[in-house]
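1. I would like to see how this sequence folds:
(4 chains)
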Amino acid sequence: MASITPLRDAVAGLIRDGDTVALEGFTHLIPHAAGHEIIRQGKTDLTLVRMTPDLIYDQIIGMGCAAKLIFSWGGNPGVGSLHRFRDAVEQGWPHPLAYEEHSHAGLANAYVAGASNLPFALLRGYTGSDLPKVNPNIRFIECPFTGETLAAIPSIRPDVTVIHAQKADRRGNVLLWGIIGVQKEAVLAAKRSIVTVEEVVDSLDAPPNACVLPGWAVSALCPVPGGAYPSYAQGYSARDNRFYKEWDPIARSREGFAAWMKRHVLDTDDFDGFKRVLAETAGREIG
Amino acid sequence: MASITPLRDAVAGLIRDGDTVALEGFTHLIPHAAGHEIIRQGKTDLTLVRMTPDLIYDQIIGMGCAAKLIFSWGGNPGVGSLHRFRDAVEQGWPHPLAYEEHSHAGLANAYVAGASNLPFALLRGYTGSDLPKVNPNIRFIECPFTGETLAAIPSIRPDVTVIHAQKADRRGNVLLWGIIGVQKEAVLAAKRSIVTVEEVVDSLDAPPNACVLPGWAVSALCPVPGGAYPSYAQGYSARDNRFYKEWDPIARSREGFAAWMKRHVLDTDDFDGFKRVLAETAGREIG
Amino acid sequence: MTDRQPDFTATEIMTVAASRLLRDGTVCFVGIGLPSTAANLARLTHAPDVVLIYESGPIGAKPTVLPLSIGDGELAETADTVVGTPEIFRYWLQGGRIDVGFLGAAQVDRFANINTTVIGPYDKPKVRLPGAGGAPEIAAQAREVFIVLKQSPKSFVDKLPFITSAGYLDGGDARQKAGIPGAGPTAVITDLGILTPDPVTRELTLTSIHPGVTVEQVTAATGWDLKISPDLRTTPAPEPDALAALRDLQDRTARAHGQAAGGEG
Amino acid sequence: MTDRQPDFTATEIMTVAASRLLRDGTVCFVGIGLPSTAANLARLTHAPDVVLIYESGPIGAKPTVLPLSIGDGELAETADTVVGTPEIFRYWLQGGRIDVGFLGAAQVDRFANINTTVIGPYDKPKVRLPGAGGAPEIAAQAREVFIVLKQSPKSFVDKLPFITSAGYLDGGDARQKAGIPGAGPTAVITDLGILTPDPVTRELTLTSIHPGVTVEQVTAATGWDLKISPDLRTTPAPEPDALAALRDLQDRTARAHGQAAGGEG
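-> Numbering: from 1, shown residues only, chains lettered A, B, ... in the order given. As a prediction, the model looks like this:
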């Protein structure tokens, strides 16, 4: 049963050094606030999983919290490279980052398999690609009926999945809508889960067959209004496209990045503090 | 692209003798009107697929349209046996009915595999059950990563799937809600599809992430208000529980069944005609 | 057994006894009919936060009247969410999120294996039963299973013609050896008493007998030589509150759509 | 090529030429960036009933401004329906429902294989690119594929360091022999011209050259000895309507959120 918990306590209690952690989101509803809290608490040796690692993974990797990344597309959407991710992969800074690389179809199926308690995902995939040559976790099996060859990859079973959603009710039931990505699967595939939400309401008023996570299937529920910034929450906030562009020069140099992270994340108490400092340094309203 | 078509034409044009046909629905939204039209048109040699064959399959089987049934639970929900189904299986009347039997988990996964264009479905299932002893289409494979044994069954790929839904817009997009069963998967697994709907509207006004089938993924769209009777359509009609009970004595004898089918289905032009005659014989308002 | 008790019927004590086993907060995968009645009675009495999942898709259903079928609109309208049937079996049951699978049965044997497929040979059935439905995977994957059915020589048989859903198979550790994850049937609740598996042999043993029922009656209603626990208890009579809640529920149900009976579909 | 045409830029003719290839009613799986611009231009001009599917979940998206990322709210709000990302890849792409996969690329080779993974060795990359995203399965499973990218010796290379997504592999019938279902890349649209695969060898051949561009320019921008079609056509200049629609779209987009660029995530 989800307990309504401050984010700091949820991250402290549920994410352990060395865990496999998925902070999921497909452009929309990316749990940035939770990512900052992981950095503030100095978690180490994490295996990060995400289909589309972006700015928050660039930050977690650049701050040295991650030992490995499982992913299918890593970039700054609409802008370009993730410089901290590239520096870790290309130069081993701040330390080498192991990685396991898939296609979106592969990882999406691997989350479904994880949520379904299957040991592997079955798909038509990777044919003709060099990915199976560099990823021993892409294998091929034969259909027992037709003899066709199909791809198999291990299911994703994170220790902890973290997502951001629009709202929850007081019993901990969570409702998200719009671009929902793989978030439901990622939560159900995980041993533990943290859901940050825009608001907690008396009644969800969920439409029929909406994407709802029952409270008893979630470990911790943390009210963090605007907790997806600079990503967005449909119905609550817009994506701050400017910040995605501003991130590019910040992340280009190790020193600039470290100074920025210290000032905006390490030296702030929480996500509201981060947004206050960012509003000062960016010279505009944030969130 | 779905064309808006009279049900009679859709059944005549899209369902051929010998086809594999799934009329799906899980208590809710069962396409009874379409089933009657299959009977009126005297289709033969069909392989019927459904997780929960009920009254309409009892009727189709009893009228001799089916050569085979693929199913996981066959009964009159809340009442008891399907007498025509049992007569076909136990006594071979009106002719022997072959059948392939699964569990719900198996068939639900087989529809998902069909919709996903996979040749087989992978699940944890059937362990300790005698079903694999009598169904050669239940096989077991080994996980290429963990060595675990998992069940495999062929995917379901009907020639035609038929469902009933609440509404469609003029571009043929279909919206259903409430207990949606396997209907979306059954339509997407099929080569062709017929969707009967309660109404056609200018705008679907679908909630975010609702169960919508795009018009271009459906073959024919047939407005048949009340077309699920005696099943129901949430938001439109209630289930006629009395009829489910009344069916039991009707179906018990071959002669009583044949006479009832002639009067109510063969001698009526369409589903409205059926309901008019039923209102007379049952002595109450129908639909 | 006929209803010789002044205060409650045999079906009522069966239902109340079954409902008592459901603890509050349990996530329960509910079969239609007797299991659904018992599970909803639990929800309306001692277990308000029990989570009821039906294979048709509703999660957290809170029906005010009993469903006649497993896909009644009442279940969808009162649920926390309604998902597709594949998701129920994939993410929720196979996903390992079900505490209790609550099943009915046509027949059971001494190792709590279930038959709902055929009487007679499979290829030439004497009676064709409805079939497996969700039961094989519920019986295998729920953390534990409760079975509720009326006890008679026809339903409690020495040798099942067909094992639809696994209990303890041949007994002992056969179930574990077959790789079945859940603990299996931990209670079979009948109109005569409660049977629980022997901790070692896994043979069903009469451990509780309903008030007014004799051991001879139970033995006579069982198609094998039934083991009787040396510590045989008497099932407590239904609490007046529980009985009142059950009768209210059934009255509401009858008014809404006539007497409920079991069935998927 | 610099913009020596008085009436349109090289990027504009690339976009218009790409958009022309999309027929009305086509179901198109759209990559972000140039493919998304071209696909939406088609929708706003000659192909109003093109169905645009984005891997983030929107089906039938009709954005009024271009998405900056593949998961912009504009896509969800204007779509016929939004499904989960697994469903997009399972039921819609792998399900065989996509007519055209419209992709960008960092690099292509003469057989229209795509690299978006690394420059240099995989284990010791010189430049780590974003990776595969949805492309390997889009390139394999869409009935046909259009690739749109700017042409230069760095992007049109003789030997790819890594094949992320299959074109025609080693050419000839190598793609079919590998069991890849879709027909493969039937057109590569660049800022200089249009390349299409030879019917037999599957080698990319320049079959259309944009007005004002010389064959020497195209050859110089290609890292292998480019085959030129004996029937080389000149790409028609953008129709004034199409050009106006494109510029309107980009103006609206710039006003809404600044200049669009490519990216998943």
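2. where's the top strand by length along chain C relative to the chain centroid, distance-wise?
-> Using DSSP state E to define each element, chain C has its longest strand at strand C:227-234. Taking C-alpha atoms, centre = their mean, to the nearest Å, the mean C-alpha location of strand C:227-234 is offset from the chain mean by 21 Å.
3. One more: stretch C:103-113?
-> Relative to the centre of its chain, stretch C:103-113 is centred 9 Å away, using C-alpha atoms, centre = their mean.
4. swap in stretch A:7-19?
-> When C-alpha coordinates are averaged (C-alpha atoms, centre = their mean), stretch A:7-19 and its chain have centres 14 Å apart.
5. List the buried residues in that stretch.
-> Residues A:L7, A:A10, A:V11, A:L14, A:I15, A:D19 are the ones in stretch A:7-19 that count as buried (16 or more other C-beta atoms under 10 Å in any protein chain shown). Where you see a C-beta, it was placed from the backbone N, CA and C, and this is true even at glycine.
6. Which of those fall within helices?
-> A:L7, A:A10, A:V11, A:L14 (DSSP state H).
7. Look up how far chain D lies from the first one.
-> Meaning A:L7. Distance of A:L7 to chain D, computed by C-beta to the nearest C-beta, to the nearest Å: 23 Å.
8. So A:G64 sits against A:T44, correct?
-> Yes: using C-beta atoms under 8 Å, A:G64 makes contact with A:T44 at a distance of 7.2 Å.
9. between the two, which one's more packed in?
-> A:G64 (18 against 14; other C-beta atoms under 10 Å in any protein chain shown).
10. Can you name the residues that contact the more buried one?
-> A:T44, A:P94, A:H95 (C-beta atoms under 8 Å, 6 or more residues apart in numbering or on different chains).
11. Closest one of those to chain C?
-> Among the contacts of A:G64, A:T44 lies closest to chain C (C-beta to the nearest C-beta), at 29.6 Å.
12. for that closest one, helix, strand, or coil?
-> Put simply, A:T44 is coil when judged by DSSP: H, G, I helix; E, B strand; the rest coil.
13. ok, now which ones touch it?
-> Shown in contact with A:T44 (C-beta under 8 Å, 6+ apart): A:D17, A:G18, A:G64, A:C65, A:A67.
14. how much space between the residue of the stretch 151-265 of chain C found nearest chain B and C:V157?
-> Proximity of the stretch 151-265 of chain C to chain B (C-beta to the nearest C-beta) peaks at C:A166, 2.8 Å away. Counting by C-beta to C-beta, to the nearest Å, the gap from C:A166 to C:V157 is 16 Å.
15. what bits of the stretch 151-287 of chain A have low per-residue confidence?
-> Low-confidence segments of the stretch 151-287 of chain A (pLDDT under 70): none present.
16. Apologies, that question was intended for chain C.
-> Applying pLDDT under 70 to chain C flags residues C:1-6, C:258-265.
17. Which stretches in it count as strands?
-> Along chain C, counting by DSSP E, strands occupy C:27-30, C:51-53, C:58-59, C:81-82, C:100-103, C:107-108, C:114-115, C:118-119, C:127-128, C:144-148, C:185-189, C:193-197, C:204-209, C:227-234.
18. Quick check: the residue of the stretch 151-265 of chain C closest to chain B touching C:I180?
-> Yes: counting by C-beta under 8 Å, C:A166 touches C:I180, with 5.9 Å between them.
19. Counting neighbours, what do you get for the residue of the stretch 151-287 of chain A found nearest chain B?
-> For the stretch 151-287 of chain A and chain B, the shortest gap (C-beta to the nearest C-beta) falls at A:P207, measuring 3.3 Å. Using other C-beta under 10 Å, the number of residues around A:P207 comes to 16.
20. I'd like the buried residues of stretch A:7-19 as JSON lines, with pLDDT and distance to C:T78 appended.
-> As requested, the buried residues of stretch A:7-19 are exported to JSON lines (pLDDT from 0 to 100; distance: C-beta to C-beta, whole Å):
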{"residue": "A:L7", "pLDDT": "98", "distance to C:T78": "32"}
{"residue": "A:A10", "pLDDT": "98", "distance to C:T78": "30"}
{"residue": "A:V11", "pLDDT": "98", "distance to C:T78": "35"}
{"residue": "A:L14", "pLDDT": "98", "distance to C:T78": "32"}
{"residue": "A:I15", "pLDDT": "98", "distance to C:T78": "36"}
{"residue": "A:D19", "pLDDT": "98", "distance to C:T78": "37"}
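21. how many neighbours does A:F145 have?
-> 14.
22. what do you get for A:S237?
-> Going by other C-beta under 10 Å, the residues that sit close to A:S237 add up to 18.
23. give the contact list for the nearest residue to it once chain neighbours are set aside.
-> For A:S237, ignoring the flanking residues on the chain, the nearest one in space by C-beta to C-beta, 6 or more residues apart in numbering or on different chains is A:G226 at 5.9 Å. A:G226 makes contacts with A:A33, A:E198, A:A233, A:Y236, A:S237, A:F271, A:K275, A:G287, as judged by C-beta under 8 Å, 6+ apart.
24. before we move on, which element is the nearest residue to the fourth one once chain neighbours are set aside in?
-> Using C-beta to C-beta, 6+ apart and skipping residues adjacent in sequence, the residue nearest A:Y236 is A:E198, 4.8 Å away. Following DSSP states H and E, one finds A:E198 within strand A:192-201.
25. buried sites along that strand?
-> Of the residues in strand A:192-201, A:R192, A:S193, A:I194, A:V195, A:T196, A:V197, A:E198 count as buried by neighbour count, 16+ other C-beta under 10 Å.
26. ok, of the contacts of A:G226, which come out buried?
-> Buried members of these, scored by 16+ other C-beta under 10 Å, are A:A33, A:E198, A:A233, A:S237, A:F271, A:K275, A:G287.
27. The fourth one reaches A:G287, doesn't it?
-> Yes: under the criterion of C-beta under 8 Å, A:S237 is in contact with A:G287, at a separation of 7.0 Å.
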